[in-house]
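Chemist: Sequence first, predicted coordinates after that:
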Amino acid sequence: MRKTTVVGAAAFVLGLVTAGYIFFQSGDRPGSTSEAFENRPGPNPSNFLFAASQENKTSLDFVAISEKMGPAVVSIEAKRVERRRTMGSQEEWPFDDFWNRFFGQPRGREEERQFTAQGTGFFISSDGYILTNNHIVENAASVTVNTVQGKEYPAEILGTDPPTDLALLKIKAENLPFAELGDSSRLRVGEWVLAIGNPLGMAHTVTAGIVSAKGRQIDASSYQDFIQTDAAINRGNSGGPLINMRGEVIGINSNILTPTGGNIGIGFAIPSNIAIKVVSQLKEEGRVVRGWLGVGIQDVTEAIRKQLKLKEKAGAVVTTVEPGSPAEKTGLRLYDVIVSIDGEPIKDGHDLRFKIADIRPGNKTKIGLIRDGKPETLTTVLEERESDQGPAAVSKMEKDIGISVTALTPQIAQRYGLQTTEGLLITEVRRGSEAAQRGLRTGMIILEVNRSKVTAVRDFENILKKTESGDEIILLVRIDAQGRSPQDMIISVRVP
């Protein structure tokens, strides 16, 4: 009995030892309980460590890029003097001088005011070239650049391009830190980006976000193909760089979409590939030259595709052909569908507009189109696009009679409530000039010069070139007031 008890106790102890050995060894083998715990759904300490290391790596990238790119970013102050007409404390719109004189309203008082626009820019070369937004330096009397090193320089405006909202400045300095413009076509939605600028006067502020979308168009009349980002962009960020994780500038911050005037997370940047083309021309010529075909277009809808018996919904439909344009000379017609330019396929109207603009005037261009369901190819010679400085741009005549004009477009007509959509809008009449003495006023629309219709500034200039000094020209002008019937009159002006 005693022997049996001893044997049983020994067996029990041996069993405990064996079980313990198996339990502790099982944690290191594949398929063990500990491995099953690690692989089960839910928090895992090792995963948290991996995530933390990745987060730290991203932060380090942000730091490195900020330290590398920051010295190339500058703050810009542009001073301008604006003349405005006021009625007490209420300001009038730009054409009130015209309305006041012709409709008996109080003329008010003209005042000169000084304004300072603040924004951002960045060096694109070591010898002082700076890229920024046009709306910062537009009409500036003087521009000052401040670097992160605390140095201040006067800047020269080498050229501006309002349709893309870009401007090129230059300071006299050497061996400056600069940023490289990357390839924005490689940019993908979801990529991390950094914005550096001077928002609300807070110098050299860095914000981070992602690329939210590409190919955004806000204004159909401009040459913009915005990158949308949720990196915080406020007033003062304009003109600053949008940078990818390789330390390349892939966008130039331009504006925000906001109902409140502050940042709500929707910012827009001009792609670097557009900036590269603009900078090249501004350096060489001080302006951007674009091709002009002279057609009104719209995208191909499903209804249009069926009606015109097209195989696919691509290309741009011709809706108007401007008189005297390359399009008219070439034989383009209403309902033609342009599907290619020099062999390059056209996606839509926006794509056509960009491709035509990129072609130098004077070059022969092949237009692939579909007419009445059949493919055709026409060859045209593009002319230079005129009045390409946006709705607010004006042009002075080579033979100065004392006015500045801009081509009137449907967009401008809608903005100011005009019924007339063609002609030349007088935007300035210089005091004491021949035009002012003969009765021309801001806001009038010139329809004809010497009985010839004018729809572009070049039309007016060509007539003036053929007119001898001292001779008179006759202008058919229209007074187009909102809520009133347009009134036409003939005014003669002597050419100085």
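Modeler: Nice, I can see it. A quick note: this is a predicted structure, and the numbers were derived from the prediction, not measured.

Chemist: Run a quick neighbour tally on Asn255.
Modeler: Counted by other CB atoms under 10 Å, the residues lying close to Asn255 total 20. C-betas here are computed from N, CA, C, even on glycine.

Chemist: what does Gln298 give?
Modeler: Look at Gln298: counted by other CB under 10 Å, it has 13 neighbours.

Chemist: Also Ile65?
Modeler: The number of residues packed around Ile65, counting by other CB under 10 Å, is 22.

Chemist: What of Gly201?
Modeler: Burial of Gly201 is recorded as 11 neighbouring residues (other CB under 10 Å).

Chemist: now do Leu424
Modeler: Number of residues near Leu424 (other CB under 10 Å) recorded here: 27.

Chemist: what domains does the record give for the protein?
Modeler: Listed by automatic domain parsing, the domain ranges of the chain are 47-85+119-286, 291-384, 395-494.

Chemist: TSV for these, including mean pLDDT and distance to Arg113?
Modeler: Rendered in TSV, the data for the domains of the chain read as follows (pLDDT from 0 to 100; distance: least, CB to CB, whole Å):
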stretch	mean pLDDT	distance to Arg113
domain 47-85+119-286	85	5
domain 291-384	91	36
domain 395-494	83	17
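
Chemist: right, so the ones you listed: which one is the most enclosed?
Modeler: domain 47-85+119-286 (a mean of 18; mean count of other CB atoms under 10 Å).

Chemist: if I pick the closest residue to Ser325 other than its chain neighbours, what's in contact with it?
Modeler: Excluding the flanking residues, the one nearest Ser325 by CB to CB, 6 or more residues apart in numbering is Gly294, at 2.3 Å. With CB atoms under 8 Å, 6 or more residues apart in numbering as the criterion, the residues that contact Gly294 are 321-322, 324-328, 383.

Chemist: Correct me if wrong: Ile463 contacts Asn450.
Modeler: Yes. Checked against CB atoms under 8 Å, the pair Ile463 and Asn450 is within contact range at 5.7 Å.

Chemist: if I look at these two, which residues touch both of them?
Modeler: Jointly contacting Ile463 and Asn450 under the rule CB under 8 Å, 6+ apart are Ile473.

Chemist: what ranges do the helices span in the stretch 51-200 of the chain?
Modeler: 96-103, 134-137 (DSSP state H, counting those that start in this stretch).

Chemist: Show the average pLDDT along the longest one.
Modeler: In other words, helix 96-103. For helix 96-103, the mean per-residue pLDDT is 44.

Chemist: where do the helices sit along the stretch 301-450 of the chain?
Modeler: In order along the chain, the stretch 301-450 of the chain carries the following helices (DSSP H, counting those that start in this stretch): 302-307, 326-330, 349-357, 410-416, 434-438.

Chemist: Dump those helices into CSV; add distance to Gly423 as well.
Modeler: Formatted as CSV, those follow (distance: least, CB to CB, whole Å):
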stretch, distance to Gly423
helix 302-307, 31
helix 326-330, 19
helix 349-357, 23
helix 410-416, 10
helix 434-438, 16
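
Chemist: nearest to Pro177, of these?
Modeler: For these, proximity to Pro177 was assessed by CB to CB; helix 349-357 is nearest, at 32.4 Å.

Chemist: What helices and strands are in contact with that closest one?
Modeler: Contact analysis of helix 349-357 by 3 or more CB pairs under 8 Å, 6 or more residues apart in numbering; DSSP states H and E lists strand 291-292, strand 295-299, strand 316-321, strand 337-341 as its packing neighbours.

Chemist: Kindly export that helix (C-alpha atoms) in CSV.
Modeler: These are the backbone C-alpha positions of helix 349-357, laid out as CSV (Å, rounded to 0.1, in the frame of the first residue of the first chain):
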residue,chain,number,x,y,z
GLY,A,349,-12.8,71.7,-74.8
HIS,A,350,-10.4,72.4,-71.9
ASP,A,351,-7.8,70.2,-73.5
LEU,A,352,-8.2,71.8,-76.9
ARG,A,353,-7.8,75.3,-75.4
PHE,A,354,-4.5,74.4,-73.7
LYS,A,355,-3.1,72.7,-76.8
ILE,A,356,-3.9,75.6,-79.1
ALA,A,357,-2.4,78.1,-76.5
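
Chemist: Work out the gap between that helix and the centre of the chain.
Modeler: Distance of helix 349-357 from the chain centroid (CA atoms, centre = their mean, to the nearest Å) equals 15 Å.

Chemist: Now do that helix and strand 295-299, the angle between them.
Modeler: With axes from the mean of the first three to the mean of the last three CA atoms, to 10 degrees as the basis, helix 349-357 and strand 295-299 are set at 140 degrees to each other.

Chemist: what's helix 349-357 in contact with?
Modeler: Surrounding helix 349-357, the residues in contact under the criterion CB under 8 Å, 6+ apart are 217, 220, 223, 225, 290-293, 297-299, 315-316, 338, 341, 344, 346, 365, 382, 385.

Chemist: Stretch 429-438 now?
Modeler: Contact with stretch 429-438 is made by 400-403, 440-442, 491-494, 496, as judged by CB under 8 Å, 6+ apart.

Chemist: Which single one of those residues is nearest to Gly236?
Modeler: For these, the nearest to Gly236 is Thr442 (32.4 Å; CB to CB).

Chemist: and that closest one, how far is that from Pro496?
Modeler: Using CB to CB, to the nearest Å, we find Thr442 at a distance of 20 Å from Pro496.

Chemist: do the same with Leu310
Modeler: Using CB to CB, which is the criterion applied here, Leu310 is 55 Å from Pro496.

Chemist: now do Arg235
Modeler: From Arg235 over to Pro496 the distance is 44 Å, taken as CB to CB.
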